[in-house]
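S.K.: How does the following fold in three dimensions:
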Amino acid sequence: MFRLPLAALGLIAAATMAQAHGDVAPQPVNTDALPDVGEEWLIENPYRGQSEEVWQAAIEIGSSGYNQNCARCHGLGVVSGGLAPDLRYLEAEEFGDEWYVERFQTGYTQNGITKMPAFGELLGQKAAWAIRTYIETRPTDGAMDEVTPRLLQIRDELKTMADAGAGDSAALQAELAAIAKGVETGSGAPVADSPAYRAAKLIAGDAPDFAAAAEVLTVGLSAAH
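M.R.: Next up, the predicted model:
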């Protein structure tokens, strides 16, 4: 799988961030649900490899923080339109983390114009790593293409089950989980936070939410295309 080297990513950032971000006030991110990481800034994502509960909380919080503060330049779903680097391809390892956290802390200025604010003091380290966790779990381009037809069928089955229709919840959950394992991230992170992954979680356990799982697949697959 192709991933951008750090040097190339930095050059693209300098060459393509042509629209100022400085006129947009950074929005605070509530990180109370995440474990503390200390005051000294780390150089590696502390939420990577944590328990699934912490990892999922970081993704949810990071998604909110990203969409409020980063999507304007880096694109919805971290799919860049060319204005700024496509951060999905920043390696999910220490080298990628170092580049990310340095830019998050200090921002980026070109010819005296702020293209990206220094978010470090404004949002804090927990928000930084939550956003990083969200970014690195984005599926790569085309990762959902092959499985989309089947996921749409599953979506329709889940809608039927939400309306008290018949269906095999355990079988669908297992199939969704298997599909989710095959979805690749752009960063090389081992698990993608894909619509299949989220839907599988929603119908697991003793209180499956078929309607919510169907909605996740509807929205997620639409965004992927």
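S.K.: The chain: helices as residue ranges?
M.R.: For the chain, applying DSSP state H gives helices covering 6-16, 52-69, 71-74, 94-106, 120-123, 125-136, 148-162, 169-181, 195-202, 210-224.
S.K.: so which of these is the most packed in?
M.R.: Scoring the helices of the chain by mean neighbour count under mean count of other CB atoms under 10 Å gives helix 125-136 as the most buried, with a mean of 27. In this view, the C-beta of every residue, glycine as well, is placed from N, C-alpha and C.
S.K.: so it versus helix 52-69, what angle?
M.R.: 90 degrees (axes from the mean of the first three to the mean of the last three CA atoms, to 10 degrees).
S.K.: Which one, of the helices of the chain, ends up nearest to residue 46?
M.R.: helix 125-136 (5.8 Å; CB to CB).
S.K.: Report the angle between that closest one and helix 94-106.
M.R.: Going by the same axes, to 10 degrees, helix 125-136 makes 130 degrees with helix 94-106.
S.K.: Dump helix 125-136 to CSV, keeping only the CA atoms.
M.R.: Taking C-alpha atoms only, helix 125-136 is exported to CSV below (Å, rounded to 0.1, in the frame of the first residue of the first chain):
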residue,chain,number,x,y,z
GLN,A,125,-2.7,17.3,24.0
LYS,A,126,-5.6,14.9,24.7
ALA,A,127,-7.6,16.6,21.8
ALA,A,128,-4.5,16.4,19.6
TRP,A,129,-4.2,12.6,20.0
ALA,A,130,-7.9,12.0,19.8
ILE,A,131,-7.9,13.8,16.4
ARG,A,132,-4.9,11.8,15.4
THR,A,133,-6.6,8.5,16.3
TYR,A,134,-9.6,9.5,14.2
ILE,A,135,-7.4,10.5,11.2
GLU,A,136,-5.3,7.3,11.2
